[in-house]
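Peer 1: sequence plus predicted model, see below.
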Amino acid sequence: MKAIVLKDFGGVDQLQEAELPTPGIKDGEVLVEVKAISINPVDIKTREGGGLAEMLKASSPMILGWDISGVVRESESPLFQEGDEVFGMINFPGVGRAYAEYVAAPADQLALKPREVSHAAAAAASLAALTAWQAFADHHRLKSGQRVLIHAASGGVGHFAVQIAKHISAYVIGTSSAENRDFVLGLGADEHIDYKVQDVSKVVSNVDLVLDPLGGANIDVSLKTLKKGGILLSLVAEPKDRLEEKAAAAGMTGKKIYVQSSGEDMEGIAQLLASGALKPTVSKLFPRDKIGEAHQQVQTGKTRGKTVVAV
């Protein structure tokens, strides 16, 4: 099979195509012929030597990637049979080895792909959608009528978070640049804030929950928008940001959250996709031999929705 191997940590020039044996599968696994993969910021960080690089370097050859959509070709699990179309985020946090024509995947981390959804859209609705889903279901039981502030609402996690929060009937405020205003409102947001010209901390208040994929100075901004007892969920907070300490001092809760592979949660996402309540935006679709360009696109931090690679 063909795979994209990471020769060493560094630039996109380290991503090189190689011919490798098709992986075997163990009990509880399925062999998936991959049709599409999604590129996430963690892919970029890991390629550069951060992120999950410590885990990845223990494997040889090093193959990046966690989001897949494809077709089951072999199964050692009662959950799926040959020919099933599946999607999901595999072995995260860990080594997913998604940048390949075939992937050995734990069956309990996948879900059936809705027929109405393309492989590209399904791959897009894996790590990013799962992050939003778990933020609102596992880390904070979001309730109808609650006020939610979603930073970077036009991005990968953000554009799913807006839709999932609206599905729960929350009141959603989304931030983005002015050029993405109509996109964010089109996702269902009740309000849009142009963070480039508006001080979010002065125009937003009495929020129950903030979802923040930015960190740094944005933590202080976010805390000013929360009501007493509110919660700030950060995807990227570092110890130096003092998230929990600052939140507690203000009478709120601050928590860094981590996404984890879950077939059960993927099934929930699949239901939203099938019903049309969740619509992935794939703004850039690259062929496999342009995966370096896909990384560079994600690295701009300006992608609307998701960047996907057709395998």
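Peer 2: Structure's in. What do you need? A quick note: this is a predicted structure, and the numbers were derived from the prediction, not measured.
Peer 1: pull the longest strand from this protein.
Peer 2: For the chain, the longest strand by residue count, based on DSSP state E, is strand 29-39.
Peer 1: partner strands of that one and their direction?
Peer 2: Its sheet considered, strand 29-39 pairs with strand 67-75 (antiparallel), strand 102-106 (antiparallel), strand 306-310 (antiparallel) by DSSP bridges.
Peer 1: need those in TSV with mean pLDDT, mean neighbour count and distance to Ala137, can you?
Peer 2: All C-beta atoms are positioned from the backbone trio N, CA, C, and that covers glycine. Below are the strands paired with strand 29-39 laid out as TSV (pLDDT from 0 to 100; neighbours: other Cβ atoms under 10 Å; distance: least, Cβ to Cβ, whole Å):
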stretch	mean pLDDT	mean neighbour count	distance to Ala137
strand 67-75	98	23	19
strand 102-106	98	24	21
strand 306-310	98	25	21
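Peer 1: list the contacts for Ser176?
Peer 2: 152-155, 158, 183-184, 192-195 (Cβ atoms under 8 Å, 6 or more residues apart in numbering).
Peer 1: phi first, then psi, for it.
Peer 2: With angles defined as degrees, to the nearest 10, Ser176 sits at phi -170, psi -180.
Peer 1: who's it bridged to?
Peer 2: Ser176 has these beta-bridge partners by DSSP bridges: Asp194.
Peer 1: give me the buried subset of the contacts of Ser176.
Peer 2: The neighbour-count test (16 or more other Cβ atoms under 10 Å) applied to those identifies 152-155, 158, 183-184, 192-193, 195 as buried.
Peer 1: doesn't Pro23 fall inside a helix?
Peer 2: No - looking at Pro23 with DSSP: H, G, I helix; E, B strand; the rest coil, it is coil, so not inside a helix.
Peer 1: adjust the sequence numbering to begin at 578 for everything that follows.
Peer 2: Let's use 578 as the start, then, which means that last one is Pro600.
Peer 1: okay, it: pLDDT?
Peer 2: We have a pLDDT of 98 for Pro600.
Peer 1: that one and Val607 touch, don't they?
Peer 2: No - the criterion here is Cβ atoms under 8 Å, and Pro600 misses it with Val607 at 11.0 Å.
Peer 1: those two: who's more crowded?
Peer 2: More crowded of Pro600 and Val607, by other Cβ atoms under 10 Å: Val607, with 26 against 17.
Peer 1: who's in contact with the more buried one?
Peer 2: Val607 neighbours (Cβ under 8 Å, 6+ apart): 649, 651-654, 656-657, 663, 681-682, 684, 687.
Peer 1: same question for Asp771.
Peer 2: 752-755, 758.
Peer 1: how far away is it from Arg819?
Peer 2: Going from Asp771 to Arg819 by Cβ to Cβ, to the nearest Å gives 28 Å.
Peer 1: pLDDT averaged over the longest strand of the chain - what is it?
Peer 2: On average, strand 606-616 scores 98.
Peer 1: buried ones in it?
Peer 2: Buried, per 16+ other Cβ under 10 Å, within strand 606-616: 606-616.
Peer 1: which of the three states applies to Arg881?
Peer 2: Classified using three-state DSSP, Arg881 is coil.
Peer 1: repeat that for Ala851.
Peer 2: Going by three-state DSSP: Ala851 is helix.
Peer 1: which ones are touching the closest residue in space to it that isn't next to it in sequence?
Peer 2: Excluding the flanking residues, the one nearest Ala851 by Cβ to Cβ, 6 or more residues apart in numbering is Pro691, at 3.9 Å. Each residue near Pro691 by Cβ under 8 Å, 6+ apart is listed here: 699, 847, 850-851.
Peer 1: neighbour-wise, which one of the residues you listed leads?
Peer 2: Ala699 (31 neighbours).
Peer 1: next one: it from Thr752, what distance?
Peer 2: Ala699 is 27 Å from Thr752, by Cβ to Cβ.
Peer 1: again with Gly671
Peer 2: Gly671 is 32 Å from Thr752, by Cβ to Cβ.
Peer 1: please tell me how far Pro816 sits from Thr708.
Peer 2: 21 Å.
Peer 1: again with Ala747
Peer 2: 17 Å.
Peer 1: run a quick neighbour tally on Leu862.
Peer 2: Neighbours of Leu862 using other Cβ under 10 Å come to 17.
Peer 1: circling back: out of the contacts of Val607, which is nearest to Gln873?
Peer 2: Ala682 (27.2 Å; Cβ to Cβ).
Peer 1: find the centremost residue of the chain, please.
Peer 2: In the chain, the centroid-proximal residue (Cα atoms, centre = their mean) is Ala705; its distance is 1.6 Å.
Peer 1: my guess is that residue contacts Gly733, does it?
Peer 2: Yes - counting by Cβ under 8 Å, Gly733 is a contact partner of Ala705 at 3.9 Å.
Peer 1: cheers, nothing more for now.
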